[in-house]
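Asks: can't give you the sequence, but here's the structure:
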């Protein structure tokens with residue numbers, strides 16, 4: 001009995017052990033599956049994190065701009081480590097229909113005085129917070145045509161943001177900066193990014209004095225800007241000298257700039273002289289503002305000298321001779337002269353008298369030698385060795401066969417179609433010679449190649465007739481400089497016919513130190529009233545009303 005009981009207990013324990021092992025095994029399998037799934041999830045998370053780290057840019061250089069300034073600007077500001085990011089706001093478009101003064105005043109009052117209780121005390125000064133104002137061409141946020149930065153400091157980080165974001169704006173045409181506190185190094189960095197903006201043509205940099213006065217870099221010879229404003233930047237005579245050299249020198253000139261505003265600076269007479277030196281050989285600038293610069297009679301006389309015929313300096317005379325020498329050498333090497341010489345050397349390829357007269361001696365000597373040699377052998381050959389006109393007038397069929405034999409003996413076969421189609425081919429090849437004339441005009445763009453006149457041992461060329469608007473308002477001009485300005489205007493009127501440029505059309509002399517009833521000033525007004533295309537009724541306009549308002 002005891003033995004059977006003991007065996008039963010053993011069997012029970014074995015069965016229980018097997019069940020326990022089975023349960024434990026199932027638990028391990030379930031736990032392993034969960035562990036494997038969790039491991040897979042962790043691996044997927046880590047892979048996603050790695051890919052996100054790879055795609056997320058960490059520097060400004062790695063960021064890829066989308067062309068939407070509202071998106072790119074905050075992202076780039078965050079990458080450079082800026083805590084307070086200026087907001088990007090859209091400026092309202094100017095109205096199509098002109099508004100009255102009353103409506104404009106009401107609009108200003110509504111903008112300046114918010115309704116009571118509408119804004120908390122902390123948001124009353126939100127207008128003075130830094131913000132980036134943009135103007136769009138359409139509703140598409142990618143069509144930003146103008147960017148304005150007004151009244152807040154632009155540091156190195158912000159210049160990096162502008163250098164990255166502005167070139168991605170495909171419609172950007174104008175960039176305004178006012179009172180932004182740039183330095184010389186920051187201006188250099190910003191200027192390097194401007195050529196990347198393909199459609200940018202207008203740059204306004206007002207109220208930003210730079211001690212080095214390196215504004216001339218903006219209007220260098222390779223600059224594509226057409227309108228540049230540098231008002232209220234404390235530019236003195238040294239800065240004006242650099243700007244004048246950027247406008248033109250005997251060996252280089254700016255060929256894109258059409259409008260330059262230097263109002264409210266410190267140019268003085270010496271600075272006006274430097275600007276006048278830049279106008280001597282510049283033939284692209286149309287509008288120039290020198291208002292409120294402390295310019296007196298000496299500076300006005302220098303400007304008047306450039307507007308009329310002026311004498312060349314020694315450096316300009318030497319450069320003129322080099323240009324004339326280069327133009328003559330190019331004409332000698334031009335395809336037109338080569339073609340004319342080649343036609344003169346091949347008189348036998350034409351059966352008519354279209355060969356040049358200067359090549360008549362050469363064929364006569366050649367034919368005389370050929371006539372002497374056939375006399376020894378055969379007399380019939382000598383009759384066919386004459387000129388092309390004699391052969392055509394005398395023996396028709398025999399001369400044709402003889403000419404075919406001659407053409408067959410020549411090593412080059414390319415001259416055969418030219419001789420057969422001499423008349424039609426000559427007419428077709430004359431237009432390329434006419435097409436070369438614009439190239440010669442491009443070569444003579446330099447004013448140093450204009451027609452010159454010798455007077456008193458000096459060489460005089462026509463003055464600057466391209467400048468159409470000159471603003472000298474608010475300076476210190478007296479009646480002493482007005483006769484010179486009048487003389488320059490009259491000389492431009494005499495030489496306008498057939499010359500490049502219209503001459504001076506608008507001259508602003510308001511708020512200077514001469515009486516309005518001055519005789520020279522009255523004659524200047526009468527002369528300009530005839531030229532100014534915007535003048536409708538010059539007789540009914542007052543002297544103050546005729547002047548151009550300051551930009």
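Replies: Happy to help now that I have it. Quantities reported herein were computed from a predicted structural model and do not represent experimental measurements.
Asks: list the contacts of residue 267.
Replies: Shown in contact with residue 267 (Cβ atoms under 8 Å, 6 or more residues apart in numbering): 235, 236, 237, 240, 275, 290, 293, 294, 295, 299. (Each C-beta comes from the backbone N, C-alpha and C, glycine too.)
Asks: quick one: the third one and residue 270 touch, right?
Replies: Meaning residue 237. Yes - Residue 237 is in contact with residue 270 according to Cβ atoms under 8 Å; the separation is 4.1 Å.
Asks: got the buried residues for the helix or strand harbouring residue 328?
Replies: Using DSSP states H and E, the element containing residue 328 is helix 314-332. Buried residues in helix 314-332, counted by 16 or more other Cβ atoms under 10 Å: 316, 317, 319, 320, 323.
Asks: check stretch 522-530 too.
Replies: The neighbour-count check on stretch 522-530 (16+ other Cβ under 10 Å) flags 523, 524, 525, 527, 528 as buried.
Asks: try stretch 137-144
Replies: 141, 143, 144.
Asks: again with stretch 479-492
Replies: Under 16+ other Cβ under 10 Å, the buried positions of stretch 479-492 are 481, 482, 483, 484, 485, 486, 488, 489, 491, 492.
Asks: these in helices, which ones?
Replies: 482, 483, 484, 485, 486, 488, 489, 491, 492 (DSSP state H).
Asks: any idea which element the closest residue to the fourth one other than its chain neighbours lies in?
Replies: Right, residue 485. Ranked by Cβ to Cβ, 6 or more residues apart in numbering and with sequence neighbours excluded, the top spatial neighbour of residue 485 is residue 304, at 4.7 Å. Take DSSP H and E as the rule and residue 304 turns out to sit in helix 297-307.
Asks: tell me what that helix is packed against?
Replies: helix 268-279, helix 482-494 (3 or more Cβ pairs under 8 Å, 6 or more residues apart in numbering; DSSP states H and E).
Asks: and which of the buried residues of stretch 479-492 is nearest residue 309?
Replies: Residue 309 lies nearest to residue 491 out of the buried residues of stretch 479-492, by Cβ to Cβ, at 6.5 Å.
Asks: wait, the closest one sits on residue 308?
Replies: Yes - using Cβ under 8 Å, residue 491 makes contact with residue 308 at a distance of 4.3 Å.
Asks: common neighbours of the two, please.
Replies: Shared contacts of residue 491 and residue 308, defined by Cβ under 8 Å, 6+ apart, comprise residue 463.
Asks: still on that earlier bit, next, format the ones in helices among the buried residues of stretch 479-492 as JSON lines and append pLDDT and distance to residue 148.
Replies: Formatted as JSON lines, these follow (pLDDT from 0 to 100; distance: Cβ to Cβ, whole Å):
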{"residue": "482", "pLDDT": "95", "distance to residue 148": "39"}
{"residue": "483", "pLDDT": "95", "distance to residue 148": "44"}
{"residue": "484", "pLDDT": "95", "distance to residue 148": "41"}
{"residue": "485", "pLDDT": "95", "distance to residue 148": "37"}
{"residue": "486", "pLDDT": "94", "distance to residue 148": "41"}
{"residue": "488", "pLDDT": "93", "distance to residue 148": "38"}
{"residue": "489", "pLDDT": "92", "distance to residue 148": "38"}
{"residue": "491", "pLDDT": "89", "distance to residue 148": "42"}
{"residue": "492", "pLDDT": "86", "distance to residue 148": "38"}
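Asks: ok, of the contacts of residue 267, which one's closest to residue 129?
Replies: Distance to residue 129, by Cβ to Cβ, is smallest for residue 235 among the contacts of residue 267, at 30.3 Å.
Asks: what pLDDT is listed against the nearest residue to the closest one once chain neighbours are set aside?
Replies: Beyond its immediate neighbours in the sequence, the residue positioned closest to residue 235 (Cβ to Cβ, 6+ apart) is residue 265, lying 4.1 Å away. With respect to pLDDT, residue 265 scores 97.
Asks: what helices or strands is the helix or strand following the helix holding residue 304 leaning on?
Replies: Heading C-terminal from helix 297-307, the first helix or strand you meet, by DSSP H and E, is strand 310-311. With contacts defined as 3+ Cβ pairs under 8 Å, 6+ apart, the packing partners of strand 310-311 are strand 458-461.
Asks: got the contact list for the strand it packs on?
Replies: Here strand 458-461 makes contact (Cβ under 8 Å, 6+ apart) with 309-312, 317, 320, 447-448, 450-454.
Asks: what subset of these is buried?
Replies: Neighbour counting over those (16+ other Cβ under 10 Å) leaves 309, 310, 311, 312, 317, 320, 447, 448, 450, 452 as the buried ones.
Asks: quick check, nearest of these to residue 261?
Replies: Proximity of these to residue 261 was ranked by Cβ to Cβ; the top entry is residue 447 with 23.8 Å.
Asks: state the distance from that closest one to residue 137.
Replies: Relative to residue 137, residue 447 is positioned 38 Å away (criterion: Cβ to Cβ, to the nearest Å).
Asks: JSON lines for the helices and strands packed on helix 297-307, including distance to residue 176?
Replies: Shown next, in JSON lines, are those (distance: least, Cβ to Cβ, whole Å):
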{"stretch": "helix 268-279", "distance to residue 176": "24"}
{"stretch": "helix 482-494", "distance to residue 176": "33"}
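Asks: out of the ones you listed, the one nearest residue 466 is which?
Replies: Distance to residue 466, taken as Cβ to Cβ, is lowest for helix 268-279 among the helices and strands packed on helix 297-307, at 8.9 Å.
Asks: I'd like the next helix or strand past the closest one.
Replies: Using DSSP H and E, the helix or strand that follows helix 268-279 towards the C-terminus is strand 287-289.
Asks: which outside residues touch that next one?
Replies: Counting by Cβ under 8 Å, 6+ apart, 258-263, 275, 279, 467-471, 550-551 sit against strand 287-289.
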